[in-house]
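Trainee: only the shape, not the letters, is given here:
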């Protein structure tokens, strides 16, 4: 894989946005192709089968399975109510009588003769699927999925925690390379997606959550701050299910790193706009990066998609993603063909990058990200 | 499948990994079978290119471009895309084979009744078949039913293996596990219409009950009990059923695999199963006791072949699913702790710097170290990943003996008295390291050190690395042409790095001051003294063949021939010579960070490694 490099995160003020909203099981779609939807609109519903509860009657009544079978007051397919007697038993010439009551309401699904267990399926429950992205329904798969398309700004982060949130974008009065402190968090912050700054302190993050901010987008986060916010240490980068009030998205990584100027410039244009964000990150195969979407309903902007996925070539703007030049941007000056020995002693393919201060440095191609 | 090995001249083999599809060309040359060409391409099993054969063809194309040898015929949708080998053996191939761990490999869940008995046997069966065990649910694991159901639903295993009870024994708890599985009704990962593949290998008396309970949700295959008797384990029928389901259900529903399967007359093997076969085959041929670790980006697989008390070779494989060098690097940090990682680095590094660097590698897994400090950090993580994986491996690599003990509560048994550790570092002959951090370490001695420290080797052990992660390819090749696989393994795959000599002693046998532990001599090369507290490299022994003699200086010191015993062994020393390690076991490093750095710098220098510490 001679052309190893990281493709780079998408940052565009006007990109084609598309979301496929898929039900986990077949269900009912509430919209049709051509419909305009809002981000929090329910577009599909499904009925999830109820849980199957195993009633261990023999053990609970301290009787043998065959005694359960002879004392059963219900049969497969019966609808039972919580507290309804399922089994009766008379022991020792009828002197000791005992009963077993249903722990839940539901339908008897099966009875295991060998164990004296009875399974009750509780009532199904409804689940609602929201649009997440405001836009137009452009395709549907009956009973299964809805595709919503729109145009607007798209900024991908490198890492995030917390799932889908919709809110209003609010720029913080914090420099791109400054830490975010509690005094920088607006009050009230309910429903806001706060944007700006390098890395938040734990106190600032907790205050944002306490004030109801639905999102915080910043340059980086400290490993310790993240652990403090989540209440545990993350092992692998597979996120999105965290039970947090404020979804956090970082554009650069871990440590104290300034907010990407490119991403900041795009987001600043949309201060006060409705946004949809998702912190879900999956670094393994089929990489999923967190994203900030700013749909522009009814106000289409001419296509100006940036970050075309061209290869690594002379003159391309790149960013270095590993020490000793982590976070530094530059342009590709040379692409030596052969392998080059680097400081570690490894032979690898490198690119010569001209940094913004005029220095030229050799960097492994694997440590470059296209801008 | 009849393949005449004698007619083979050129064989193309791929390993479709989670991220990379690696193709190797094996050819019969005048010197014997050799690995001649290689090509790599990103694996394509997810959108936008959800077809594994696309990545495979890209890898073939790279081989063709590099070697000039045409491999592919004009595209054909259904037939194999290969040109047949021509008379001059200048284009095409005779045979195509493949292994696969793409899409996260074969992911299984196992259930049993007693954690240290049937559940453990179930794990060994699944792991031996090349699976990742997502969870092992046991009747005695202390979890509530709802917790187990949630867990099963969340995991969505490819295959479930249900075990429990000896034949004619426990039935209630086995049936309970089937009930729980039905209650959970997990959806398989691939193929919406696929019924969950379930293998039942438990008490034969209740097989039909289990089948009946699971009939509405699963495709149940009943095979012989993994634990028919308390002190007898039979894993082969369950393993074969796993392989069958892997091919018929999991592989055929994975994107593009239907086509890939049609290209080869031989079944696609799970990658770890192929590696395991190769390790076992080599251990049998050479009569050695072998440990092999493949440390990848997300997981670390450990394979071992040790002889049990009856002298039988026992093969064990384990996979530590979240210990790895990129995606899982931060999980090594979580499991080992930052202090454990930092102790291996010959330079000071702050806690926050260490943590942030590892997290940044986690989110940008393809980046590589550019500075020497960053390299030291990754190699430190590797040591900890190896240490934790081996600890996990030892818990499953056990021999069985003795009698059963009934507890009296239902029919639960405790088997702990009957188990004994198979992995004995003093009896280990060969350790093989595989995976980028070991195979591609800038200096081979660094790979040797990572294994010496991570595994805390003892006695006399040969250290080798897999040159370019060829073991899976050779494992599947061995299935059709064992001799070719063996030749390539010895010539192109196994890189003999060094022999480590590590005396161990009882605490009071050696005082704190530096004392002589052993005298080491290598016929025709020289004699060296091994002192306590020191690490020493003998580079002049590199490449020397002859008798190695290690004489302990005290009868309380063991060099692998029993306390006080002299060890004699015919050896061929690797390219880095001998490593004499007098640091003792368990390896204890100074708690004071500055002293620890200083100690590590001393060790690095002793092995000829440059230490340009910033804080010196």
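Mentor: In hand now; what should we look at? What you see is a predicted model; the values in this text were computed from it and never measured.

Trainee: wait, what's in contact with residue 233?
Mentor: As the question left the chain open, I've gone with chain A. Each residue near residue A:233 by CB atoms under 8 Å, 6 or more residues apart in numbering or on different chains is listed here: A:227, B:333-334. Yep, even glycine has a C-beta here, placed from its N, CA and C like the rest.

Trainee: wrong one, chain B
Mentor: With contact taken as CB under 8 Å, 6+ apart, residue B:233 is in contact with B:121, B:124, B:226-227, B:400.

Trainee: change it to 6 Å
Mentor: Shown in contact with residue B:233 (CB atoms under 6 Å, 6 or more residues apart in numbering or on different chains): B:121, B:227.

Trainee: torsion angles phi and psi at it?
Mentor: Backbone torsions for residue B:233, taken as degrees, to the nearest 10, come to phi -120, psi 130.

Trainee: got the confidence number for it?
Mentor: As predicted, residue B:233 sits at a pLDDT of 90.

Trainee: report the separation between it and chain A.
Mentor: 25 Å (CB to the nearest CB, to the nearest Å).

Trainee: now the closest residue to chain B within the stretch 101-250 of chain A. Nearest residue, chain neighbours left out?
Mentor: Proximity of the stretch 101-250 of chain A to chain B (CB to the nearest CB) peaks at residue A:235, 3.5 Å away. Taking CB to CB, 6 or more residues apart in numbering or on different chains as the measure, residue A:235 lies nearest to residue B:331, with 3.5 Å between them; neighbours along the chain are not counted.

Trainee: so who does the one you found touch?
Mentor: When contacts are counted by CB under 6 Å, 6+ apart, residue B:331 is found next to A:235-236, B:322.

Trainee: any idea how far residue A:146 is from residue A:28?
Mentor: Distance, residue A:28 to residue A:146, using CB to CB, to the nearest Å: 11 Å.

Trainee: I'd guessed residue B:394 sits against residue B:424; true?
Mentor: No: between residue B:394 and residue B:424 there is no contact under CB atoms under 6 Å: 9.9 Å.

Trainee: is it true that residue A:165 touches residue A:278?
Mentor: No: using CB under 6 Å, residue A:165 makes no contact with residue A:278, being 7.5 Å away.

Trainee: more crowded one of those two?
Mentor: Counted by other CB atoms under 10 Å in any protein chain shown, residue A:165 and residue A:278 do not tie: residue A:278 has more neighbours, with 25 against 21.

Trainee: the more buried one is in contact with residue A:162, isn't it?
Mentor: No: between residue A:278 and residue A:162 there is no contact under CB under 6 Å: 8.3 Å.

Trainee: did I read that right, residue B:324 in a strand?
Mentor: No: going by DSSP: H, G, I helix; E, B strand; the rest coil, the assignment for residue B:324 is coil, not a strand.

Trainee: please verify my assumption that it contacts residue B:298.
Mentor: Yes: with contact defined as CB under 6 Å, residue B:324 and residue B:298 form a contacting pair (4.4 Å).

Trainee: which of residue A:28 and residue A:146 has more neighbours?
Mentor: Legend: neighbour count by other CB under 10 Å for residue A:28 and residue A:146, higher for residue A:146 (25 against 11).

Trainee: pLDDT score for that one?
Mentor: For residue A:146, the pLDDT comes out at 96.

Trainee: wait, doesn't it sit right on residue A:21?
Mentor: Yes: counting by CB under 6 Å, residue A:21 is a contact partner of residue A:146 at 4.8 Å.

Trainee: average pLDDT across stretch A:349-361?
Mentor: Averaging pLDDT along stretch A:349-361 yields 93.

Trainee: cool, stretch B:61-79 as well?
Mentor: 80.

Trainee: and stretch B:261-270, by the same measure?
Mentor: Averaging the model's pLDDT scores along stretch B:261-270 yields 91.

Trainee: now do that stretch: distance from first to last residue.
Mentor: 13 Å (CA to CA, to the nearest Å).

Trainee: pLDDT below threshold where in the chain?
Mentor: Just going to use chain A. Residue ranges of chain A with pLDDT under 70: A:1-7, A:285-286, A:297-311.

Trainee: ah, no, chain B please
Mentor: Looking at chain B by pLDDT under 70, you get B:1, B:47-48, B:75-80, B:190-193, B:401-418, B:508-512, B:613-616.

Trainee: where is the longest helix in it?
Mentor: In chain B, taking DSSP state H as the definition, the longest helix is helix B:372-396.

Trainee: elements contacting it?
Mentor: If contacts are counted by 3 or more CB pairs under 6 Å, 6 or more residues apart in numbering or on different chains; DSSP states H and E, helix B:372-396 sits against strand B:300-307, strand B:313-320, helix B:329-336, helix B:338-342, helix B:444-454.

Trainee: and the next helix or strand after the fourth one, what's buried?
Mentor: Meaning helix B:338-342. Per DSSP states H and E, the first helix or strand lying C-terminal to helix B:338-342 is helix B:351-363. Going by neighbour count (16 or more other CB atoms under 10 Å in any protein chain shown), the buried part of helix B:351-363 is B:354-363.

Trainee: tilt between helix B:351-363 and helix B:372-396?
Mentor: With axes from the mean of the first three to the mean of the last three CA atoms, to 10 degrees as the basis, helix B:351-363 and helix B:372-396 are set at 70 degrees to each other.

Trainee: centre of the chain to helix B:351-363, how far?
Mentor: Relative to the chain's own centre, helix B:351-363 is displaced by 26 Å; criterion: CA atoms, centre = their mean, to the nearest Å.

Trainee: packing partners for it?
Mentor: For helix B:351-363, the packing partners by 3+ CB pairs under 6 Å, 6+ apart come out as helix A:223-230, strand A:247-254, helix B:329-336.

Trainee: tell me which of the ones you listed sits most buried.
Mentor: Across the helices and strands packed on helix B:351-363, the average number of neighbours (mean count of other CB atoms under 10 Å in any protein chain shown) peaks for strand A:247-254, which reaches a mean of 28.
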